[in-house]
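Asker: Sharing a model that was predicted from the sequence below.
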Amino acid sequence: MKPILLCAISFFLGSIPTGLLIAKAKGIDLKKSGSGNIGATNVLRTTGKWPALLTLAGDILKGAAAAWLASWSGLDPFAQGIVGLCAIAGHDFSVFLNFRGGKGVATTLGVLSIYSPQTCLFTIIIWLMTATISKYSSLGAIVSFGLLPLSIVILDSGGKFPFAFFAALLIMIKHRDNISRLLKGTETRIGTKS
């Protein structure tokens, strides 16, 4: 019963649309601005640096809180991973947004920060390197999370592979439009205002 309750709590936590609320406070409807995405990258493009940082922090905290609850409750690593995935799924398919949502990058990092800190750090480094060199935030996410199943096995344990596999799969699914635009050369670069 405890894992089911924690999954429900985590999904609800993940569903809180941080970016949408922060942008709304600045008078901007994020769903109708920029890419229409509720994540920090679109907040940066449409609302500015500080709102974007607040969005990033809020989305990370959602995932970290869910992972901490799972760990504090004494669940085994597999069950902790499921609870973490529920938080990510909540962000991606928010109950407050008719089961639409963000792309899950920051929330996944939040989960990883508790669930597998060393893998989280590695993923951030790869994301920053790729995004800095390419100037594409989406490419940074695609590359760093594409490596997640391998990196978590190398840096942590094989028992956490299921979480990493499904978290990476969610990232790829939510970035399918970005992948298409990257292939066409029409993806928006970091720093481009919408």
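Answerer: Done, it's in.
Asker: going on from the lengthiest helix in the chain, what's the next piece of helix or strand?
Answerer: For the chain, the helix with the greatest residue count under DSSP state H is helix 49-72. Later in the chain than helix 49-72, the nearest helix or strand by DSSP states H and E is helix 77-92.
Asker: Please name every helix or strand in contact with that next one.
Answerer: helix 2-15, helix 49-72, helix 105-115, helix 161-174 (3 or more Cβ pairs under 8 Å, 6 or more residues apart in numbering; DSSP states H and E). Yep, even glycine has a C-beta here, placed from its N, CA and C like the rest.
Asker: Look up the pLDDT of the residue nearest to Gly159 when sequence neighbours are not counted for me, please.
Answerer: Nearest non-adjacent residue to Gly159, counting by Cβ to Cβ, 6 or more residues apart in numbering: Pro77, 5.0 Å away. On pLDDT, Pro77 comes in at 94.
Asker: chain center to the lowest-mean-pLDDT helix or strand in the chain: distance?
Answerer: Every helix and strand of the chain was ranked by mean pLDDT, DSSP states H and E. The lowest is helix 40-46, at a mean of 84. Mean-position distance between helix 40-46 and its chain equals 14 Å (Cα atoms, centre = their mean, to the nearest Å).
Asker: Tell me the helices and strands packed up against that helix.
Answerer: helix 18-25, helix 49-72.
Asker: where among these is the average confidence lowest?
Answerer: Across the helices and strands packed on helix 40-46, helix 18-25 gives the lowest mean pLDDT, at a mean of 90.
Asker: got the contact list for that helix?
Answerer: 29-31, 33, 37-40, 42-43, 46-47, 51, 54-55, 58-59, 62, 97, 102 (Cβ atoms under 8 Å, 6 or more residues apart in numbering).
Asker: One more: stretch 141-154?
Answerer: Outside stretch 141-154, the residues within contact range by Cβ under 8 Å, 6+ apart are 103, 105, 108, 116, 119, 122-124, 126-127, 130, 160-161, 163-165, 167-168, 171-172, 175, 178-179, 182.
Asker: still on that earlier bit, return the alpha-carbon coordinates of the least confident helix or strand of the chain using CSV.
Answerer: Output in CSV follows, covering the C-alpha atoms of helix 40-46 (Å, rounded to 0.1, in the frame of the first residue of the first chain):
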residue,chain,number,x,y,z
ALA,A,40,12.8,26.4,-17.9
THR,A,41,14.2,26.8,-21.5
ASN,A,42,10.9,28.3,-22.7
VAL,A,43,10.6,30.4,-19.6
LEU,A,44,14.1,31.7,-20.3
ARG,A,45,13.2,32.6,-23.9
THR,A,46,9.9,34.3,-23.0
